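*Asks:* predicted structure and sequence below. I'll ask about it afterward.
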Amino acid sequence: AGKEPLRIMISGAPASGKGTQCELIAAKYGLTHISAGDLLRAEVAAGTDSGNKAQEYMQKGMLVPDEIVVTMVKKKLLEAVDQSGGWLLDGYPRSLSQAEALDALNIRPQLFILLDVPDEVLVQRSVGRRYDPVTGKIYHLMYAPPETPEIAARLTHRLDDTEEKVKLRLQTHKANVAAVTDSYKDVITHVDGDRPKAEVFTEIDKLLSELQEGETNKVVIG
Ligand code: AP5
């Protein structure tokens, strides 16, 4: 029997490691990785009206209004569903209204992963984070340094990765997370994200492979 596509959400404070784990999950399980933050940054870079408006909120560490984010994510998600592939939603939903917008489309995850990382670790992770614009890979100057001087020379730094901005993003996260986790309490799993990234992935990998086995068996038996 073919394997059932997985439907996964991943959440956690800023710099808790969502994007890092999503790279590993998407590569192994072939899921479409939809990151609300990445979609918004692409829109900002393209200089569209939505992007310009979104940037005002992102710079303040606030949630971008639903009329921009909901439409953007919905389009990508429905494309993934149409291709009957699995999906991995990263940093979405982040408010009750976004969760309700998904419910209205009958879209629910089989698993909601919440990465737990202490506040003091988040600032260090965020300030040292770098992106490779060529491969999209996430690095950290200390914890995940670039492999070659050539890569090191082209890395970029996000404007909202300063200590001050991370603290604002963390406040926003804390103000909204309970509303979202309440919506998914039947499928929520906490994962300790304050460990080396390979160790965090080993735990997530185990959860996903068990889930995939279970779903495949359901299809075979049913
Ligand atoms: P977004 O881009 O989603 O930012 P975020 O939630 O603050 O999360 P980050 O991307 O900062 O971190 P991450 O958890 O992916 O960590 P990473 O793996 O990179 O959103 C940006 C903004 O867009 C928001 O502030 C908001 O304005 C807006 N927005 C986004 N979604 C929205 C929504 N749904 N509604 C409204 N507005 C929205 O890791 C961080 C660093 O740590 C890296 O350097 C990495 O190498 C390192 N690292 C990762 N794992 C480990 C580990 N295990 N050990 C050591 N280092 C590690």
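*Replies:* Thanks, I have it. Residues are numbered from 1 along each chain as shown.
*Asks:* going forward, measure contacts between C-alpha atoms and count neighbours the same way
*Replies:* Will do.
*Asks:* any idea how far the ligand is from residue 12?
*Replies:* 6 Å (Cα to the nearest ligand atom, to the nearest Å).
*Asks:* and for that residue, the neighbour number?
*Replies:* 23 (other Cα atoms under 10 Å).
*Asks:* for it, list the residues it contacts.
*Replies:* 18, 91, 114-117, 173 (Cα atoms under 8 Å, 6 or more residues apart in numbering).
*Asks:* for these, which one is nearest the ligand?
*Replies:* residue 18 (3.7 Å; Cα to the nearest ligand atom).
*Asks:* where do the strands sit along the protein?
*Replies:* Secondary structure of the chain by DSSP state E: the strands cover 7-12, 32-35, 87-90, 111-116, 129-131, 138-140, 188-192.
*Asks:* nearest to residue 153 among these would be which one?
*Replies:* Nearest of the strands of the chain to residue 153, taken as Cα to Cα: strand 129-131 at 10.9 Å.
*Asks:* re earlier: okay, the strands of the chain in TSV with mean pLDDT next?
*Replies:* Shown next, in TSV, are the strands of the chain (pLDDT from 0 to 100):
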stretch	mean pLDDT
strand 7-12	97
strand 32-35	96
strand 87-90	96
strand 111-116	98
strand 129-131	96
strand 138-140	96
strand 188-192	97
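*Asks:* point out the residues in the chain that sit beside the ligand.
*Replies:* 13-20, 36-38, 57-58, 61-64, 69, 91-94, 125-126, 128-130, 138-140, 143-144, 169, 193-197 (Cα under 6 Å from any ligand atom).
*Asks:* of these, which belong to helices?
*Replies:* 18-20, 36-38, 57-58, 69, 125-126, 169, 197 (DSSP state H).
*Asks:* taking those together, which two end up most distant?
*Replies:* 57 and 197 (29.6 Å).
*Asks:* shaky segments in the chain?
*Replies:* In the predicted model, the chain carries pLDDT under 70 at residues 1-3, 216-222.
*Asks:* center of it, which residue is that?
*Replies:* Centroid-nearest residue in the chain, with Cα atoms, centre = their mean: residue 90, separated by 2.1 Å.
*Asks:* how about that residue: what's its closest non-neighbour residue?
*Replies:* Residue nearest to residue 90 in three dimensions, not counting chain neighbours: residue 35, with 4.6 Å by Cα to Cα, 6 or more residues apart in numbering.
*Asks:* if anything else comes up later, I'll come back, but that's it for now.
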